[in-house]
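Enquirer: need a 3D model of the following:
(2 chains, ligands or ions: 5)
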Amino acid sequence: MPVQTVTIKIRVDRCKKCLNCVRVCTAFDGVYEEGPDGYPVVARPEECVQCLICHTVCPTNAIVHENYRKTMLINPDEAIVQRYRNMI
Amino acid sequence: MTGKLTLALIPLSGCGGCEVQALRALALHEDLQERYEIVYWPLVVEETRLPEKIDVAIVEGLVRTRENLEMLREARLRSRTLIALGSCAAWGGIGGSADSFNPWLSMKAIYGREKIEESAEMLPRAYAAADLVPVDYVISRCPPPVEHIALALRAIAEGKRVPVADSTVCSQCPREMKPIEQLEFKPGLPGPDADPNTCFLSQGYLCLGSVTTVGCGAPCPRHGIPCFGCGGPHLEIAERRDMDIVTALARKIATLAGLDPANDLDKVVDMLLKTYDPRRFYVFTFASQVLRRKPHGYAVHALASTRRNPVFVKRLEERARFAQGEE
Ligand code: SF4
Ligand code: SF4
Ligand code: SF4
Ligand code: SF4
Ligand code: SF4
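Expert: Residues are numbered from 1 along each chain as shown, chains lettered A, B, ... in the order given. Ligands and ions are numbered 1, 2, ... in the order given. Sure thing, here's the model as predicted:
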């Protein structure tokens, strides 16, 4: 499977410039940096380990991760379930 | 047939504020008057029976009496789209605080007896309408803004999905969020010495803006009052089992204070609950089953500690004795 790179966007229309995201990021080098205008910038998106803790500390829900890993729920087909019904 | 959608507004145990907002929404938006025909709404039309089939039904207020419960069930059965309007219908709202007291003791304290002939039959607890039947839309806030009601009714009439906003009150608040130098909480409300341009959290006051859903324009923090969360919890807090109002808020506060939002979470939660009454976090969600079911049980703790509060219990019993003596 190809490695997906996450894209991280900061919705500046809601960002409060509190820099909680800069403070909290768990990546070794930190994904975010404070930009010249006080808004966080996504400086090293490739470092992101997709822990999403930054989402939970952002007071305005301003961080968007695209392409991050998603848990796949495998729901077996009813016909297949039936086939195994009487198996011992 | 007029080609209009039929609209019913069913008041449960609310204050009528939501009804006024719904009425204003219809009065101010003429296109809605052309799209909807009011078939039941005790405040507005004389019809006393709920029609068999309704296109859009709106319920206001919480479920406090058996009659409320029956009306809510009928509203759900007969309507295509059901809207829970206001904090009461969505989360229990201010009225949900009634759950702090034994309803029969409250009756005694006010009327001198547990039941008055022909009075409504009280349920043992108060419920948010949205907790009892599936609702299609929740338009929260106390009272809900006119624009939200108009937008929802218009979208429904056009067969579109009602757009959902996913930010918090903070995104509309002009106060500047600064890091917290020394983490401590000040009890009570901010006084005149509070800085009007800095976020309440940064100054050590409690504000629920960062955990409350967006849409009001943050009038309270603009006018020096912290957000009390009338909009109800932010979508993610309501939906995710691992999130609760207190913990979500503590995470943000911890990070603002340079602490670790995971490891220091319990410490900040403890500080919050020591400084403020647990009810303070659930003012508008006190009766909400969504929050009572959260794993850490902070809302249930708020309920239990209020019910056991000796001051409240004593006062209610005194009042009941007084009311009975008056008979
Ligand atoms: S945590 Fe959210 S509001 Fe704060 S600076 Fe980062 S993106 Fe902006
Ligand atoms: S998801 Fe984790 S690693 Fe990625 S930016 Fe957010 S805090 Fe940093
Ligand atoms: S939500 Fe507020 S305005 Fe609406 S019925 Fe409840 S208390 Fe009244
Ligand atoms: S926490 Fe309150 S005062 Fe601070 S930015 Fe949010 S709404 Fe405004
Ligand atoms: S700021 Fe908070 S309490 Fe005030 S109207 Fe908005 S949601 Fe309600």
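Enquirer: contacting residues around residue B:169?
Expert: B:208, B:209, B:210, B:212, B:213, B:214, B:216, B:218, B:221, B:227, B:231 (Cβ atoms under 8 Å, 6 or more residues apart in numbering or on different chains). C-beta coordinates here come from the backbone N, C-alpha and C atoms, glycine included.
Enquirer: I'd guessed the second one sits against residue B:226; true?
Expert: Yes: applying Cβ atoms under 8 Å as the test, residue B:209 and residue B:226 come out as touching, 7.5 Å apart.
Enquirer: between these two, who's got more neighbours?
Expert: Ranked by neighbour count (other Cβ atoms under 10 Å in any protein chain shown), residue B:209 and residue B:226 place residue B:209 first, with 31 against 19.
Enquirer: pull out the buried positions in stretch B:66-86.
Expert: B:68-69, B:71-72, B:74-76, B:78-79, B:81-86 (16 or more other Cβ atoms under 10 Å in any protein chain shown).
Enquirer: can you check stretch B:226-233 too?
Expert: B:226, B:227, B:228, B:229, B:230, B:231, B:232, B:233.
Enquirer: that one near ligand 3 anywhere?
Expert: No: Stretch B:226-233 stays clear of ligand 3 (Cβ under 6 Å from any ligand atom), getting no nearer than 7.5 Å.
Enquirer: average model confidence for that stretch?
Expert: Per-residue pLDDT over stretch B:226-233 has a mean of 96.
Enquirer: what residues does that stretch touch?
Expert: Contacts of stretch B:226-233 (Cβ under 8 Å, 6+ apart): B:87, B:90-91, B:93, B:138, B:140-142, B:169, B:173, B:189-190, B:200, B:205-209, B:211-216, B:218, B:220-221, B:238, B:245, B:248, B:281, B:283-285, B:290-291.
Enquirer: export it as CSV, just CAs?
Expert: Extracted in CSV, the C-alpha atoms of stretch B:226-233 (Å, rounded to 0.1, in the frame of the first residue of the first chain):
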residue,chain,number,x,y,z
PRO,B,226,-18.1,33.9,30.7
CYS,B,227,-19.9,31.5,28.5
PHE,B,228,-22.1,29.2,30.6
GLY,B,229,-22.6,26.8,27.7
CYS,B,230,-26.2,27.5,26.7
GLY,B,231,-25.4,26.3,23.2
GLY,B,232,-24.8,22.8,24.5
PRO,B,233,-21.6,20.8,24.2
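Enquirer: and the helices in the chain?
Expert: Defaulting to chain A. A:20-24, A:53-57, A:78-83 (DSSP state H).
Enquirer: right idea, wrong chain: chain B
Expert: B:17-28, B:30-35, B:66-78, B:86-91, B:103-111, B:129-132, B:146-157, B:219-222, B:235-239, B:245-256, B:265-275, B:289-292, B:298-308, B:310-326.
Enquirer: now find how far off-centre the second one is within its chain.
Expert: Taking Cα atoms, centre = their mean, to the nearest Å, one finds the center of helix B:30-35 at 28 Å from the center of the full chain.
Enquirer: any chance of the buried residues of stretch B:226-233 in TSV, with distance to ligand 4 too?
Expert: Listed next are these as TSV, based on distance: Cβ to the nearest ligand atom, whole Å:
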residue	distance to ligand 4
B:226	6
B:227	5
B:228	10
B:229	10
B:230	12
B:231	11
B:232	15
B:233	14
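Enquirer: and the residues you listed near ligand 1, which?
Expert: Answer for the buried residues of stretch B:226-233 near ligand 1: none qualify (Cβ under 6 Å from any ligand atom).
Enquirer: wait, which of these is closest to ligand 3?
Expert: residue B:230 (7.5 Å; Cβ to the nearest ligand atom).
Enquirer: ok, now which ones touch the closest residue to the closest one other than its chain neighbours?
Expert: Once flanking residues are discounted, residue B:230 sits nearest to residue B:142: 4.2 Å by Cβ to Cβ, 6 or more residues apart in numbering or on different chains. Residues near residue B:142 by Cβ under 8 Å, 6+ apart: B:17, B:86, B:87, B:88, B:93, B:94, B:230, B:284.
Enquirer: separation between residue B:142 and residue B:306?
Expert: 19 Å (Cβ to Cβ, to the nearest Å).
Enquirer: and the stretch 201-327 of chain B, which residues reach ligand 4?
Expert: Counting by Cβ under 6 Å from any ligand atom, the stretch 201-327 of chain B sits next to ligand 4 at B:201, B:207, B:209, B:210, B:218, B:221, B:226, B:227.
Enquirer: check chain A too.
Expert: A:16, A:59.
Enquirer: interface residues of chain A facing ligand 1?
Expert: A:10, A:15-21, A:40, A:58-60, A:62-63.
Enquirer: let's have those residues in TSV, adding pLDDT, neighbour count and distance to residue A:30.
Expert: Listed next are the residues of chain A next to ligand 1 as TSV, based on pLDDT from 0 to 100; neighbours: other Cβ atoms under 10 Å in any protein chain shown; distance: Cβ to Cβ, whole Å:
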residue	pLDDT	neighbour count	distance to residue A:30
A:10	96	19	14
A:15	97	21	17
A:16	96	23	19
A:17	96	16	17
A:18	97	27	16
A:19	97	20	11
A:20	97	29	13
A:21	97	24	10
A:40	97	26	10
A:58	97	27	15
A:59	97	31	19
A:60	96	26	20
A:62	96	25	17
A:63	96	23	14
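Enquirer: and the residue of the stretch 151-300 of chain B nearest ligand 1?
Expert: Closest point on the stretch 151-300 of chain B to ligand 1, by Cβ to the nearest ligand atom, is residue B:177, at 7.0 Å.
Enquirer: check residue 2 and give its pLDDT.
Expert: Went with chain A since none was named. Value listed for residue A:2 in the pLDDT field: 45.
Enquirer: can you look at chain B instead?
Expert: If you check residue B:2, the pLDDT there is 58.
Enquirer: before we move on, back to that, residue B:30: which of the buried residues of stretch B:226-233 is nearest?
Expert: Nearest to residue B:30, judged by Cβ to Cβ, of the buried residues of stretch B:226-233 is residue B:231 at 27.7 Å.
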